[in-house]
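*Asks:* Here's my sequence, what's the structure:
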Amino acid sequence: MEKRESFSSRLGFLLISAGCAIGLGNVWRFPYITGQYGGAAFVLIYLLFLVIMGLPVMVMEFSVGRASQKSIALSFHALEPKGTKWHIYSWFGIAGNYLLMMYYTTIAGWLLLYFFKMAKGDFVGLDTAGVGNEFSALMGQPGLMAVFMVIVVVLCMLICSQGLQNGVEKVTKVMMLCLLALMVVLAVNSILLEGAGEGLKFYLMPNFHNLTYDAEGNFILGEAVYAAMGQAFFTLSLGIGALAIFGSYIGKEHSLAGEAVRVGVLDTFVAFTAGLIIFPACFAFDVSPDSGPNLIFITLPNVFNAMPMGRVWGALFFVFMSFAALSTVIAVFENILSFCIDKWGWSRKKAVAINTVAIIILSLPCLLGFNVLSGFQPFGANSGVMDLEDFIVSNNLLPLGSLVYLLFCVSRRGWGWESFLAEANTGSGLKFPRWVRFYVTYILPIIMLIIFVFGYNDKFKIWQQLSALFGA
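*Replies:* Down below sits the predicted model:
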């Protein structure tokens, strides 16, 4: 077994942990749902749930990692009482990492390709339909998508092959600092555009009426609260050991509540600044921001087309987007590799070689789902392989995995409250308060189960079907 590495600096730990949490949901989902549910009013609710729900679970993941000095492969083994079976979850947790990479690498490949397309000027002179056709054409080219997916996998695995300090930490620190700098430059450019004021007003002025009612006058406050709850939870990549691994690489100089707050602040800064890039630019050029892939791959190229020096700004935007995606891929790859090293005693090189091939093969169904396997639509029309993979991760493994970490840290049949608290509060800095024990033991698990149940309802419209059945 190779000697376990550690981070060379606290900054490395913070930036890599933030890089894992910062992903595509920050930069296209957060701005959209913020605008949909009342702008700044929604942000306030989101921040509340981030503090009362996301941060406690993040502290618990970090604590399990640091106390065990293991990846998810053996962390539960090291801390659980004899005779208990908490370690069974390790297989579900690592499955979540693989499933996430099975579709995330494809999207990262799209972003990398769009950087080259924007830099080459492929969108110059195209109207809205022409830009949309570019994306539709890409969906029909599995070979091209596969090339860029393989580039993403090989590049990120090569970085991980250099080890924690010389590969993952060194590259991710530079990538994250560049990402933050690029965001500030892009945001300033958008804010200074003529006509950007309406976008800023839409995004930053609290509108509690829009938080409570939609355009048709329907009451949506409950829906808005659930959206804030879900965004605060899913944005931090909790529940599959992807953050616990970085806890296992840090020392005990600093308490973990303070570290979790810093990671949460970085994550929120990126999400919020993404809105400052997108909304002023869209409003300045009278383009309505859409949700999902349309926003990034169809709407924004049209915005850059209309913008002075748009080709340059568009290329920089897709560099930033690529960095956001690649930082997550590198972080999750590191968790996968550490699992193999801890579980089976593989060398890092062996783990890299086997997983490079495995992840490339596992990623193929997702990109083929847009063409060759387009007939496979498990959730009805316009769904596909990616939707299934994302549903398993986002609606199942993340919430249930977070619940496992939570119960493990508060239950007497698990690691236990006192053991968790002692680990979390070791070192200087913000302490995890003892007085929240009742809340994290009895109330937070219920909130997490609500997220799980409502996630299924959102996907399958269970309540609506039951209402229609009994109403009839």
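*Asks:* ranges for the helices of the stretch 151-300 of the chain?
*Replies:* 170-191, 197-204, 208-212, 221-234, 244-247, 256-284, 293-294, 300-306 (DSSP state H, counting those that start in this stretch).
*Asks:* Need the winner for burial among the ones you listed.
*Replies:* Neighbour counts (mean count of other C-beta atoms under 10 Å) averaged over each of the helices of the stretch 151-300 of the chain peak at helix 244-247, with a mean of 29. Using the backbone N, CA and C atoms, a C-beta is placed for each residue, glycine as well.
*Asks:* Show me the contact partners of that helix.
*Replies:* Residues outside helix 244-247 that contact it (C-beta atoms under 8 Å, 6 or more residues apart in numbering) are 7, 13, 16-17, 20, 61-66, 71-72, 75, 256, 331, 334-335, 338, 405.
*Asks:* among those, which are in helices?
*Replies:* Members of the contacts of helix 244-247 lying in helices (criterion: DSSP state H): 13, 16-17, 20, 61-66, 75, 256, 331, 334-335, 338, 405.
*Asks:* these two touch, right, residue 326 and residue 109?
*Replies:* No: using C-beta atoms under 8 Å, residue 326 is not in contact with residue 109; the gap is 10.4 Å.
*Asks:* which neighbours do these two share?
*Replies:* The contact sets of residue 326 and residue 109 overlap at residue 152 (C-beta under 8 Å, 6+ apart).
*Asks:* thinking again about what came up before, will you turn the helices of the stretch 151-300 of the chain into CSV that also has distance to residue 393 and mean pLDDT?
*Replies:* Shown next, in CSV, are the helices of the stretch 151-300 of the chain (distance: least, C-beta to C-beta, whole Å; pLDDT from 0 to 100):
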stretch, distance to residue 393, mean pLDDT
helix 170-191, 22, 92
helix 197-204, 29, 86
helix 208-212, 29, 84
helix 221-234, 9, 85
helix 244-247, 16, 94
helix 256-284, 18, 91
helix 293-294, 17, 70
helix 300-306, 25, 88
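*Asks:* Report the separation between the residue nearest to residue 124 when sequence neighbours are not counted and residue 277.
*Replies:* Leaving aside its chain neighbours, residue 124 sits nearest to residue 311 (6.5 Å; criterion: C-beta to C-beta, 6 or more residues apart in numbering). Separation of residue 311 from residue 277 (C-beta to C-beta, to the nearest Å) stands at 16 Å.
*Asks:* Output the helices of the stretch 151-300 of the chain in CSV; the columns should cover distance to residue 318.
*Replies:* Shown next, in CSV, are the helices of the stretch 151-300 of the chain (distance: least, C-beta to C-beta, whole Å):
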stretch, distance to residue 318
helix 170-191, 10
helix 197-204, 20
helix 208-212, 30
helix 221-234, 23
helix 244-247, 27
helix 256-284, 12
helix 293-294, 14
helix 300-306, 9
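*Asks:* Of all those, which one comes closest to residue 434?
*Replies:* helix 256-284 (11.7 Å; C-beta to C-beta).
*Asks:* residues in contact with residue 318?
*Replies:* Shown in contact with residue 318 (C-beta under 8 Å, 6+ apart): 111-112, 114-115, 118.
*Asks:* same check, this time on residue 224
*Replies:* 37-38, 42, 45, 211-212.
*Asks:* likewise residue 70?
*Replies:* By C-beta under 8 Å, 6+ apart, residue 70 lies in contact with 77-78, 248, 342.
*Asks:* quick one: it and residue 97, what's the gap?
*Replies:* Residue 70 sits 15 Å away from residue 97, taking C-beta to C-beta as the criterion.
*Asks:* again, but for residue 429
*Replies:* Distance, residue 429 to residue 97, by C-beta to C-beta: 29 Å.
*Asks:* For those two, indicate the residue with more neighbours.
*Replies:* Neighbour totals were compared for residue 429 and residue 97, and residue 97 leads with 25 against 14 (other C-beta atoms under 10 Å).
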